[in-house]
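[1] Would you be able to build a 3D model of this:
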Amino acid sequence: MIDNICKYLAESFSRDFASWILGEAITLTKIEPSELSIEPIRADSVIFLESTEIILHIEFQTEPNKNIPFRMADYRLRLYRKFPERQIHQVVIYLSPSQSLLVHETTFSIGKLNHEFNVIRLWEQPTEIFQRYQGLFPFAVLTKTLDPEETLRQVARQIENIADKQVQSNVAASTAIISGIALNKEIIQRLLRSEIMKESVIYQEILLEGEAKGEAKGEAKASNKIALNMLNSNISVELVAKFTGLTLKQVQKLQKLSAQKSKMPKPSQTNQRKASPLGESPKA
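    Down below sits the predicted model:
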C-alpha cells in the first residue's frame, strides 16, 4: 500500500516533487514502465515522470535493498535505449531511518561500467520543505523533525485549509497511511479527521481491497469444503483439483488433513477407553 500511495502522490503532484528534487517547478507526465523495451523488474515501485527535456525516475524504499544499485543502472540503460536525447535524473528515496550502509550506496560498478544515482534519506531532510507543498505533506512526519506528533498536528491544520475537497481528502488519507511508519494509529486518528478521508480515492481503494480479501477468503473456504466432500466420496485428487480450481498440492494437503482427523478418536470413544469394563474399579 505504501508503494501505491507514493506512486499516486508523485504522479498527482509532479510539480511539487520536481520543485523538491529538481529545484524547478515543472509539470511532469507519467511514463508507463511497459513503454520500456524489457519487462520491468518491479513495476509497482517504479515511477517515471517526463517533460520534453528530462525524465525523473523515482524509487521509494521503506527498507534497505542490496539490489537497488543494479536496478538503477538497469533502468538507466533501458531509459537511454528509449530516450537517448533526454536528461535522466534518478533518485532513491528511503522512508524509514536505517543504520545500514545500503542506504548510502549511490553507485553500481561492474568491470569498467560505473553508474551513479541520487539517494535521499527522508529522516535527514528539513521538515519545512515538506510543509510547503501539498504533495509532500504526507512525508513531513518522516523528515528531520524533533517532534513527529507536533509535525503531524501542523500538517493536519494545513490539510484542513486545502480548498479542493477531493485533493484535501486524498492528501489526508495519504498522510494517515505514510505517517504510520513513524507514529501509532491512535495518534494519527486523533489528529486527522476520518470524515475527510472517507471521500478519497485512496480510502475507497483500501475498502475495495478489504472487500476483495474478504470475498477471496469466503470463496477459498467454500472451495475447501467442496473439495473435502469430494475426497470423502473417493473422488481422485486430480478431479477434485479440476472441479474446484484448487491446485493439486492444495487438494493433497486437504486430503492429508482429512486423513489425520479421521484417525483421531472421538471424545465419546476416549471416555469409554478410560472407563473400566462392567463398571469395575480400575486396578491399582
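[2] what mean pLDDT would you report for the helix or strand encompassing Lys221?
    Element membership of Lys221, judged by DSSP states H and E, is helix 201-232. The average pLDDT within helix 201-232 is 61.
[3] quick one, what contacts Ile68?
    59, 61, 92, 102, 105 (CB atoms under 8 Å, 6 or more residues apart in numbering). Where you see a C-beta, it was placed from the backbone N, CA and C, and this is true even at glycine.
[4] Counting by contacts, list what the host helix or strand of Glu59 packs against.
    Secondary structure assignment for Glu59, by DSSP H and E: strand 54-61. Counting by 3 or more CB pairs under 8 Å, 6 or more residues apart in numbering; DSSP states H and E, the packing neighbours recorded for strand 54-61 are helix 2-12, helix 14-21, strand 46-50, helix 68-82, strand 87-94.
[5] now the shortest one: how far from the chain's centre is it?
    Taking CA atoms, centre = their mean, to the nearest Å, one finds the center of strand 46-50 at 18 Å from the center of the full chain.
[6] Could you name the helices and strands sitting against it?
    Packing partners of strand 46-50 (3+ CB pairs under 8 Å, 6+ apart): helix 2-12, helix 14-21, strand 29-30, strand 54-61.
[7] Can you check what angle separates it from helix 68-82?
    Strand 46-50 and helix 68-82 are oriented at 40 degrees to each other (axes from the mean of the first three to the mean of the last three CA atoms, to 10 degrees).
[8] List the pairing partners of strand 46-50 within its sheet, with orientation.
    strand 29-30 (antiparallel), strand 54-61 (antiparallel) (DSSP bridges).
[9] Could you pull up the residues touching Pro109?
    Check again: residue 109 is Ser, not Pro. His115.
[10] From Glu59, how far out is it?
    Using CB to CB, to the nearest Å, we find Ser109 at a distance of 19 Å from Glu59.
[11] May I see the buried residues of stretch 127-140?
    Applying a neighbour-count criterion of 16 or more other CB atoms under 10 Å, one finds 127, 130-131, 133-140 buried in stretch 127-140.
[12] got those as TSV, with pLDDT columns?
    Putting the buried residues of stretch 127-140 into TSV (pLDDT from 0 to 100) gives the following:
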residue	pLDDT
Thr127	97
Phe130	97
Gln131	96
Tyr133	96
Gln134	95
Gly135	96
Leu136	97
Phe137	97
Pro138	96
Phe139	97
Ala140	97
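[13] and of those, the nearest to Pro97?
    Phe139 (13.3 Å; CB to CB).
[14] residues in contact with the closest residue to the closest one other than its chain neighbours?
    Distance criterion CB to CB, 6 or more residues apart in numbering; nearest residue to Phe139, sequence neighbours excluded, is Phe130 at 5.3 Å. Going by CB under 8 Å, 6+ apart, Phe130 touches 136-137, 139-140, 143.
[15] returning to that earlier point: just name the most buried of the strands paired with strand 46-50.
    Sort the strands paired with strand 46-50 by mean neighbour count, taking mean count of other CB atoms under 10 Å, and strand 54-61 sits at the top with a mean of 21.
[16] I'd like the mean pLDDT over that strand, please.
    Averaging pLDDT along strand 54-61 gives 94.
[17] Just the residues contacting that strand, thanks.
    2-3, 6-7, 10, 17-18, 21-22, 26, 28, 31, 45-50, 68, 71-72, 75-76, 79, 83, 86-95.
[18] what's the answer for stretch 5-17, then?
    Residues contacting stretch 5-17 (CB under 8 Å, 6+ apart): 25-30, 44-45, 47, 49, 56, 58, 60, 93, 133-136, 138, 170, 174, 177-178, 202.
[19] go again using 6 Å as the cut-off
    25, 27-28, 30, 47, 49, 58, 60, 133, 135-136, 174, 177 (CB atoms under 6 Å, 6 or more residues apart in numbering).
[20] Show me what His115 is bridged to.
    Beta-bridge pairing for His115 (DSSP bridges): Phe108.
[21] What's the separation between it and Ile88?
    Between His115 and Ile88 the distance is 11 Å, computed by CB to CB.
[22] cool, and Gln131?
    Distance from Gln131 to Ile88, by CB to CB: 29 Å.
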